[in-house]
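J.: Need coordinates for the following:
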Amino acid sequence: MKPENIQVVAALYKFVKLPDFADKRDPLLSYCQEQGVKGTILLAQEGINGTIAGSRQAIDSVLWFLRTDPRLADLEYKESHAETPPFERMKVRLKPEIVTLGLPEIDPNEQVGTYVSPQEWNDLISDPEVTVIDTRNDYEVNIGTFQGAENPQTGSFREFPDYVLRHLDPTKHKKVALFCTGGIRCEKASSFMLAQGFAEVYHLKGGILKYLEEVPAEKSLWEGECFVFDERVAVSHGLEKGSSERCFSCGYAISEEDKASDKYEEGISCAYCFDSLTEDKRVRQQKKWQHYQTQVANSKNRDVSNL
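T.: Predicted coordinates:
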């Protein structure tokens with residue numbers, strides 16, 4: 001693919017007080033659509049969060065537009081690339097929170113843990129006195145995480161506070177290191193843990209994506225791939241597209257190793273949904289898979305006929 005056709009994928013967020021967030025929706029949506037940018041941006045009183053994709057010029061234009069608001073002048077973002085558009089449309093949504101913890105009293109604008117750069121992260125998590133916690137969901141952790149990290153086995157970020165209250169103790173876990181995909185969940189999680197009395201709470205600045213971008217593979221303590229919420233499914237070191245795929249049936253990210261399971265059948269099931277697949281569900285799934293394959297074949301035929 002020609003360089004000018006490569007999609008720039010920008011993951012951005014900032015906790016900042018935006019009492020007028022609802023007024024920003026329509027102008028932002030219109031501007032993004034004018035630039036041909038697609039993706040999702042969330043706006044809330046506590047800040048902004050989103051991932052968008054488009055041409056180099058389009059992404060730069062949207063970032064400029066956002067930064068014209070003085071409160072977002074120092075908005076940071078993480079950038080990767082995709083060969084095809086990873087999103088189908090542009091959405092700007094108004095939310096109570098830009099990342100849903102379900103505890104409105106937790107405000108990262110008031111207090112957060114200590115930021116740790118990717119270059120300093122290895123030393124921190126190699127300290128035996130540090131408890132390293134992956135704040136992502138179980139289906140994300142499944143395809144990759146940091147060496148020695150604890151998996152809270154949550155189905156959503158809302159479950160993280162319960163995990164902390166049940167399994168962690170401020171008097172025993174004196175140093176805690178948190179990480180997530182892009183930095184937003186672990187930043188909010190750090191605010192929650194400080195409110196619970198944990199004294200030393202650290203979180204990876206820029207998240208896993210920044211770490212994979214800046215830390216060479218030969219020095220990395222990351223194992224596997226990093227799940228992303230778009231058509232790429234996962235990325236690896238250097239933010240290259242990973243080998244993981246989505247199960248057509250349940251949407252769970254599956255690795256090459258998962259596909260070797262006896263429970264995996266392309267388009268029908270994987271190890272994570274096989275046990276819940278009744279015979280009726282199997283028949284319906286087979287029909288959906290056949291319909292999907294027909295659509296793909298017809299699309300390819302149309303492309304060939306237009307050459």
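
J.: residues of the helix or strand hosting residue 124 that come out buried?
T.: Using DSSP states H and E, the element containing residue 124 is helix 118-125. Residues of helix 118-125 classed as buried by neighbour count (16 or more other CB atoms under 10 Å): 118, 121, 122, 124, 125. (Each C-beta comes from the backbone N, C-alpha and C, glycine too.)

J.: and what of stretch 197-213?
T.: For stretch 197-213, burial by neighbour count (16+ other CB under 10 Å) applies to 198, 200-213.

J.: now stretch 86-101
T.: By 16+ other CB under 10 Å, the buried positions in stretch 86-101 come out as 86, 87, 90, 92, 97, 98, 99, 101.

J.: try stretch 276-288
T.: For stretch 276-288, a neighbour-count test (16+ other CB under 10 Å) marks 277, 285 as buried.

J.: Now find how far off-centre it is within its chain.
T.: Distance, stretch centre to chain centre, for stretch 276-288: 30 Å (CA atoms, centre = their mean, to the nearest Å).

J.: which residues touch that stretch?
T.: With contact meaning CB atoms under 8 Å, 6 or more residues apart in numbering, stretch 276-288 is reached by 248, 249, 267, 268, 269.

J.: quick one on the thing from earlier: for my notes, please list the buried residues of stretch 86-101 in CSV and give pLDDT, distance to residue 287 and secondary structure for each entry.
T.: Output for the buried residues of stretch 86-101, formatted as CSV (pLDDT from 0 to 100; distance: CB to CB, whole Å; DSSP: H, G, I helix; E, B strand; the rest coil):
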residue, pLDDT, distance to residue 287, secondary structure
86, 89, 28, coil
87, 92, 28, coil
90, 98, 32, strand
92, 98, 36, strand
97, 95, 39, coil
98, 95, 39, coil
99, 94, 37, coil
101, 95, 39, coil
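
J.: Can you tell me which of the residues you listed comes closest to residue 224?
T.: residue 86 (20.2 Å; CB to CB).

J.: Roughly how far does the closest one sit from residue 78?
T.: With distances taken as CB to CB, to the nearest Å, residue 86 is found 14 Å from residue 78.
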